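Colleague: structure for the following, please:
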Amino acid sequence: MSDFMNEKRDELAQEMGWSQDRAQGYVDGESTERNGLEMPPFHKVAMDDYSKGFRTGYYTQACSVSVKDIREAVTA
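Modeller: All right, here's what the predicted structure looks like:
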């Protein structure tokens with residue numbers, strides 16, 4: 001994992017009061033969605049900290065992309 005990803009994980013954990021596992025899940029979920037990959041089935045239902053973070057990152061990235069697309073369409 002890159003230093004940037006480690007820094008992002010550490011910052012999220014500190015700022016949000018999350019465990020390292022939850023922050024790592026967020027970073028991985030965000031990256032997975034950004035790369036156009038489907039969420040692994042396990043992370044859709046699992047309740048561990050990593051999976052909770054993964055879902056948050058995945059859906060936050062998906063929503064932000066959708067909002068951006070809507071704004072561009074409205075202003076065009």
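Colleague: please make it C-alpha for all contacts and neighbour counts, starting now.
Modeller: Noted.
Colleague: tell me the contacts of the residue most central in space within the chain?
Modeller: For the chain, the residue nearest the mean C-alpha position is residue 57 (1.7 Å; CA atoms, centre = their mean). Contacts for residue 57 (CA atoms under 8 Å, 6 or more residues apart in numbering) come out as 25-31.
Colleague: what about these, which are in helices?
Modeller: Per DSSP state H, helices hold the following members of these: 25-31.
Colleague: in PyMOL, select just the buried ones from those residues.
Modeller: To isolate the buried members of the ones in helices among the contacts of residue 57 in PyMOL, using 16 or more other CA atoms under 10 Å:
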select buried, resi 25+26+27+28+29+30+31
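Colleague: closest to residue 44 among the ones in helices among the contacts of residue 57?
Modeller: Nearest to residue 44 out of the ones in helices among the contacts of residue 57 is residue 29 (CA to CA; 11.0 Å).
Colleague: so how far is residue 72 from that closest one?
Modeller: To residue 72, residue 29 is 25 Å away according to CA to CA, to the nearest Å.
Colleague: ok, now residue 61?
Modeller: 17 Å.
Colleague: pLDDT wise, what is residue 1 at?
Modeller: On pLDDT, residue 1 comes in at 61.
Colleague: what of the one 4 residues further on?
Modeller: In this prediction, residue 5 carries a pLDDT score of 87.
Colleague: please apply the same query to the one 5 residues further on.
Modeller: Confidence at residue 10, expressed as pLDDT, is 93.
Colleague: and the helices in this protein, which stretches?
Modeller: Assigned by DSSP H, the chain shows helices spanning 3-16, 20-34, 41-45, 49-75.
Colleague: tell me the most buried of these?
Modeller: helix 20-34 (a mean of 22; mean count of other CA atoms under 10 Å).
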